[in-house]
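Trainee: coords below, sequence missing:
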């Protein structure tokens, strides 16, 4: 079953999960489930990392990312396949890796509570799978050199977009526009806002 795969990388991730106390692992799972239900725009990895450090648990950033990705992939796959909590745990055990009994109990309990909600949200989200704009920052500056401005000392607008993709990964997009380009951009946003008000 895709998403519930067994590779050496997954085996290491499963071992790392087994080293976590049940309450901290449950908190991680709840954050992933909240994201998959649309309650948060992304999983807050820095917050999870802080929790681990406060509890004296050493885990590299990449290992933490791998745990969150594994949980997210398995929960998404379980939602797509409409798996019950028993079926999810059985598939994880069949898929390999030495899952700790305590971790499987946490997964079973949380999937029993949240599985149906994740399934419903993921179905709706699949119909409109686009990224989500999390933040937009801008600043006005003067061009010293540019490919798009014809003369130096021309004003420009610099934009930085923070976007969460459908997998919950946050990326940054930056670009610059001349004042006429920005005015056109602004007008399009006004038109979109007006159209959304009529919905």
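Mentor: That came through fine. These figures come from a predicted structure and were not determined experimentally.
Trainee: tell me the domain ranges of this protein?
Mentor: Domain ranges of the chain: 8-127, 132-197, per automatic domain parsing.
Trainee: can you tell me which of these the model trusts least?
Mentor: When those are compared by mean pLDDT, domain 132-197 comes last with a mean of 80.
Trainee: and the end-to-end length of that one?
Mentor: 19 Å (Cα to Cα, to the nearest Å).
Trainee: just stretch 90-108 next, same as before
Mentor: End to end - Cα to Cα - stretch 90-108 spans 10 Å.
Trainee: OK, contacts around residue 21?
Mentor: Listed by Cβ atoms under 8 Å, 6 or more residues apart in numbering, the contact partners of residue 21 are 55, 57. Every C-beta, even on glycine, is put in place using the N, C-alpha and C of the backbone.
Trainee: next one: residue 134
Mentor: 41-42, 162-164, 170.
Trainee: hang on, the earlier thing: buried deepest among the domains of the chain, which one?
Mentor: Highest mean neighbour count of those: domain 8-127, a mean of 17 (counted as mean count of other Cβ atoms under 10 Å).
Trainee: just give me how far that domain sits from the chain centre.
Mentor: Relative to its chain's centre, domain 8-127 lies at 12 Å (Cα atoms, centre = their mean, to the nearest Å).
Trainee: mind listing the helices for this structure?
Mentor: 8-18, 22-36, 45-54, 61-80, 85-94, 101-127, 179-197 (DSSP state H).
Trainee: for residue 153, which of those is the nearest?
Mentor: Residue 153 lies closest to helix 179-197 among the helices of the chain, at 12.7 Å (Cβ to Cβ).
Trainee: show residues contacting that closest one.
Mentor: With contact meaning Cβ under 8 Å, 6+ apart, helix 179-197 is reached by 148, 154-157, 177.
Trainee: what would the helices of the chain look like in TSV with distance to residue 142?
Mentor: Putting the helices of the chain into TSV (distance: least, Cβ to Cβ, whole Å) gives the following:
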stretch	distance to residue 142
helix 8-18	49
helix 22-36	41
helix 45-54	35
helix 61-80	38
helix 85-94	57
helix 101-127	42
helix 179-197	11
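Trainee: which one of the ones you listed lies closest to residue 144?
Mentor: helix 179-197 (16.0 Å).
Trainee: on that earlier part again, out of the helices of the chain, which comes closest to residue 138?
Mentor: Once the helices of the chain are compared by Cβ to Cβ, helix 179-197 is nearest, at 8.4 Å.
Trainee: on that earlier part again, and the contacts of residue 134, which is closest to residue 26?
Mentor: residue 42 (19.3 Å).
Trainee: how far away is the closest one from residue 174?
Mentor: Per Cβ to Cβ, to the nearest Å, residue 42 is found 19 Å from residue 174.
Trainee: distance to residue 197 for the contacts of helix 179-197 - can I get that in JSON lines?
Mentor: As requested, those are exported to JSON lines (distance: Cβ to Cβ, whole Å):
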{"residue": "148", "distance to residue 197": "33"}
{"residue": "154", "distance to residue 197": "35"}
{"residue": "155", "distance to residue 197": "31"}
{"residue": "156", "distance to residue 197": "31"}
{"residue": "157", "distance to residue 197": "25"}
{"residue": "177", "distance to residue 197": "25"}
